[in-house]
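Colleague: Got a predicted structure plus its sequence, pasted below:
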Amino acid sequence: MGKKGFTIIEVAVVMVIIGLLVGFGATLVGPLTERSKRMATTEIITGAVESIVGFASAEKRLPQWGDNAADGTLDEFCEIVTKRRDSATKPIYYFLDSRLTAPGSLCGRKTTALTVCRDSACTDRISNIAFAVVSGAMDYNPQTGIVTSGCPAGQTCIGVYEPGTAGIDNCTNGTDCPNYDGAVDRINRAEAYDDIVDYVTLGELRTKAGCQGAPLKILNNELPSASMSSTYSATIYAEGGVPFSTGGKYKWCVEIGNRSSSAGIPGGLVITPGFVRYPDDASPTRCSDQAEIAWSSYQADDLIISRGSGLTEPGSFLITVSARDDSRNGNDPSCNNAGNEDNCVRKSFVLTVNP
């Protein structure tokens, strides 16, 4: 019986097919390798975010940034994030609202000064970002940095775009990319955006941290009555919010609604600290008309209303007390209508001075 084998044509066809398969497989090696590295970097960024959230949940504040090195420099980010380089061996970096590093600040604040812009004009943006963690990804070129075009007043904005957005490089120096590792050269090259970014809003972080911070409030419900023949002293107390760490816990302002024509404050009372406004004037000046800077000299733990000797006039006087903290909330119009200001509360009292 005769033996049969492959003809030369059949062998050639098989070799061509094998060659095509090998060539096709080779074209997939690069994309698959890049995809694998991007996935690894995404896991590194996710791990860093989880570490920061864990720290914030325990400490009720964000970790501080130092120099991204395990040395003598204060650098809590470095100490809690175990993988500080992405799969391309480049350092990851960290944007944050630095006010959230103060003790207890996380649960006391409702807004931040960090915004994410998602287009070049910053018309598509996300406000109240607590922090962001960034990798320059596979092109070794970090492109996420601080942008100014369209950024709201009082905010620090960072550009985070759709992958593939052309002509992007906002991380070029220590000013627009402040927390990038200074020991590693930045590549200043505008190209298609490919950074890997994860960010957390303050609301999300407060929820994950289980924040139940007490709101700012004035504790007193009434003032003790006074007599013209006696000395007088009453203390107004506040609590909650985000107290100032130095110089007194709160800033104070007092509105006297019906002052005497002969004395600036009814009956010769002394207000300490004495930021007093008179809304019954022809040109009324209220606490709510005053920018935060005007309150700066009137900071104390408590507000005291006093008179060292007898009061000089009888009557009932409307006294409205306002207190503001260090949260820079800006969403309460009852004390100040300007944006980006602090939490502020107010309460009215009637002081009765008996003859």
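Modeller: Thanks, I have it.
Colleague: residue ranges with poor pLDDT in the stretch 151-300 of the chain?
Modeller: Within the stretch 151-300 of the chain, the stretches with pLDDT under 70 are 182-183, 213, 258-264, 282-284.
Colleague: mind redoing it with 80?
Modeller: 181-186, 212-215, 228-229, 257-268, 279-285, 288-293 (pLDDT under 80).
Colleague: Can you show me the helices along it?
Modeller: Taking DSSP state H, counting those that start in this stretch as the test, the helices found in the stretch 151-300 of the chain are 202-208.
Colleague: so what's residue 132 closest to, chain neighbours aside?
Modeller: Nearest residue to residue 132, sequence neighbours excluded (CB to CB, 6 or more residues apart in numbering): residue 199, at 3.7 Å. Yep, even glycine has a C-beta here, placed from its N, CA and C like the rest.
Colleague: Surely the one you found and residue 128 touch.
Modeller: No - Residue 199 is beyond contact range of residue 128, at 10.6 Å (criterion: CB atoms under 8 Å).
Colleague: Point to the residue nearest the middle of the chain.
Modeller: In the chain, the C-alpha nearest the mean C-alpha coordinate belongs to residue 112, at 2.7 Å (CA atoms, centre = their mean).
Colleague: part of a strand, is that residue?
Modeller: No - going by DSSP: H, G, I helix; E, B strand; the rest coil, the assignment for residue 112 is coil, not a strand.
Colleague: got a list of what it touches?
Modeller: Shown in contact with residue 112 (CB atoms under 8 Å, 6 or more residues apart in numbering): 97, 99, 100, 127, 128, 129, 130, 202.
Colleague: correct me, but the fourth one touches residue 117?
Modeller: If I follow you right, that is residue 127. No - the pair residue 127 / residue 117 is not scored as a contact, 10.4 Å apart, by CB under 8 Å.
Colleague: Between the two, tell me which one has more neighbours.
Modeller: A count of neighbours by other CB atoms under 10 Å puts residue 117 above the other of residue 127 and residue 117, at 25 against 15.
Colleague: how close does that one get to residue 124?
Modeller: With the distance defined as CB to CB, to the nearest Å, residue 117 ends up 7 Å from residue 124.
Colleague: Could you give the number of residues near residue 83?
Modeller: If we define neighbours as other CB under 10 Å, then residue 83 has 15 of them.
Colleague: Excluding chain neighbours, what is closest to it?
Modeller: residue 44 (4.8 Å).
Colleague: what's the helix or strand containing that neighbour packed up against?
Modeller: Using DSSP states H and E, the element containing residue 44 is helix 8-59. On a contact count with 3 or more CB pairs under 8 Å, 6 or more residues apart in numbering; DSSP states H and E, helix 8-59 meets helix 76-80, strand 129-135, strand 196-201, helix 202-208.
Colleague: quick one, what contacts the residue nearest to residue 275 when sequence neighbours are not counted?
Modeller: Excluding the flanking residues, the one nearest residue 275 by CB to CB, 6+ apart is residue 298, at 3.7 Å. By CB under 8 Å, 6+ apart, residue 298 lies in contact with 251, 252, 253, 273, 274, 275.
Colleague: Apply 6 Å and report the result again.
Modeller: 251, 252, 273, 275 (CB atoms under 6 Å, 6 or more residues apart in numbering).
Colleague: Sort out for me which of those residues are in strands.
Modeller: 251, 252 (DSSP state E).
Colleague: so how far is residue 266 from residue 205?
Modeller: 47 Å.
Colleague: can you give me the strands in the stretch 151-300 of the chain?
Modeller: Ranges of strands within the stretch 151-300 of the chain are 156-159, 196-201, 217-218, 226-227, 232-236, 238-239, 250-256, 270-272, 276-277, 299-300, based on DSSP state E, counting those that start in this stretch.
Colleague: how about TSV for the ones you listed, with mean neighbour count added?
Modeller: Listed next are the strands of the stretch 151-300 of the chain as TSV, based on neighbours: other CB atoms under 10 Å:
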stretch	mean neighbour count
strand 156-159	23
strand 196-201	19
strand 217-218	17
strand 226-227	18
strand 232-236	18
strand 238-239	20
strand 250-256	26
strand 270-272	16
strand 276-277	20
strand 299-300	16
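Colleague: Out of the helices and strands packed on helix 8-59, flag the one nearest residue 18.
Modeller: strand 196-201 (37.7 Å; CB to CB).
Colleague: Show me what that closest one is in contact with.
Modeller: So strand 196-201 is contacted by 41-42, 45, 49, 116, 128-130, 132-135, 137, 144, 160 (CB under 6 Å, 6+ apart).
Colleague: burial measure for the nearest residue to residue 112 once chain neighbours are set aside, as a count.
Modeller: With CB to CB, 6+ apart as the criterion, residue 112 has its nearest non-adjacent residue at 4.1 Å, and that residue is residue 97. For residue 97, the neighbour count with other CB under 10 Å is 22.
Colleague: so residue 97 makes contact with residue 114?
Modeller: Yes - taking contacts as CB atoms under 6 Å, residue 97 lies within contact range of residue 114: 4.5 Å.
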